[in-house]
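A.B. asks: would you be able to build a 3D model of this:
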Amino acid sequence: MADTSSSVTLPLIITKGLIIFPGNNRLIDAGRDFSINAIKVSKNKADSLILITSQISDTVENPTTDDIYHVGVLGRVVSYTEREGRVRARVEVLDRVKLDKIVYDEEEDECFIAEGTFLPKVIVEGKASETIVNSINNEIDKYPTVLSKMPKNLVNLTNDKDAAIDLCYALAGFFDAPVKLKQNILESNDEVFIAETVIALISGENIKNELDNN
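C.D. replies: Sure thing, here's the model as predicted:
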């Protein structure tokens, strides 16, 4: 089932309000049968590979193809546990993927199966990468409370001048923000847009912290 050349056909998890980015390792809690089954099919039939996308609105319980974003990610299920009718999976996120065709396999696996093609990696190198990283650090330095809440691995990433997009994706995954805004980051091939949007998220996180402390 898995083919990692230029396209893939794999089971699909549909999340509610969770946008994840390449380079992230995330826990995904699945409670709906079609996503639970997708995780199990991934482990048993697809070399642990899986496609992941989010619903446009988290109020829809039984989504159709019109209810989901058609840019998602390819992940690898590292491990999963099952308890009380729910599955918690740890997923390593590998690449961005455009979902070209989505069907529901009701005869055998009872999950969504998607065909997807890989989107180009957003590559920023040299001086351009350093400029983005410096701009992000300058913004973070304005807000000590934001820095204090960042995990150590994320703080370490801010010191890597060659990791502009990795840093942007990690920050976008860490901060709270509207689903649509995060989806815009995921779909974008424009490093300037990605960086500017992430810098805006840092300011927004500071405002959130101030409101929480009042």
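A.B. asks: host element of the residue lying closest to residue 16 once chain neighbours are set aside?
C.D. replies: Spatial nearest neighbour of residue 16, excluding adjacent residues (Cβ to Cβ, 6 or more residues apart in numbering): residue 58 at 4.0 Å. In this view, the C-beta of every residue, glycine as well, is placed from N, C-alpha and C. Taking DSSP states H and E as the definition, one finds residue 58 inside no helix or strand.
A.B. asks: any idea how far residue 98 is from residue 58?
C.D. replies: Residue 58 sits 22 Å away from residue 98, going by Cβ to Cβ, to the nearest Å.
A.B. asks: stretch 65-76 spans what distance, first to last residue?
C.D. replies: For stretch 65-76, the first-to-last residue distance is 23 Å (Cα to Cα, to the nearest Å).
A.B. asks: same deal with stretch 14-27?
C.D. replies: End-to-end span of stretch 14-27 (Cα to Cα): 14 Å.
A.B. asks: what residues sit buried inside it?
C.D. replies: 14, 15, 16, 18, 19, 20, 21, 22, 23, 24, 26 (16 or more other Cβ atoms under 10 Å).
A.B. asks: ditto for stretch 110-127
C.D. replies: Across stretch 110-127, burial judged by 16+ other Cβ under 10 Å covers 111, 112, 113, 114, 115, 116, 118, 119, 122, 124.
A.B. asks: if the first one is in a bridge, with which residues?
C.D. replies: Just to be clear, that refers to residue 111. residue 105 (DSSP bridges).
A.B. asks: residue contacts, it?
C.D. replies: Listed by Cβ atoms under 8 Å, 6 or more residues apart in numbering, the contact partners of residue 111 are 11, 12, 34, 35, 37, 38, 41, 104, 105.
A.B. asks: show me the buried residues of stretch 14-27 that map onto strands.
C.D. replies: 14, 15, 26 (DSSP state E).
A.B. asks: now these in a markdown table, with distance to residue 132 and pLDDT?
C.D. replies: Output for those, formatted as a markdown table (distance: Cβ to Cβ, whole Å; pLDDT from 0 to 100):
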| residue | distance to residue 132 | pLDDT |
| --- | --- | --- |
| 14 | 32 | 96 |
| 15 | 28 | 95 |
| 26 | 23 | 92 |
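A.B. asks: surely residue 7 touches residue 119?
C.D. replies: No: with contact defined as Cβ atoms under 8 Å, residue 7 does not count as touching residue 119 (11.3 Å).
A.B. asks: what ranges do the strands span in this structure?
C.D. replies: Assigned by DSSP E, the chain shows strands spanning 7-15, 25-30, 49-54, 71-83, 86-105, 111-118.
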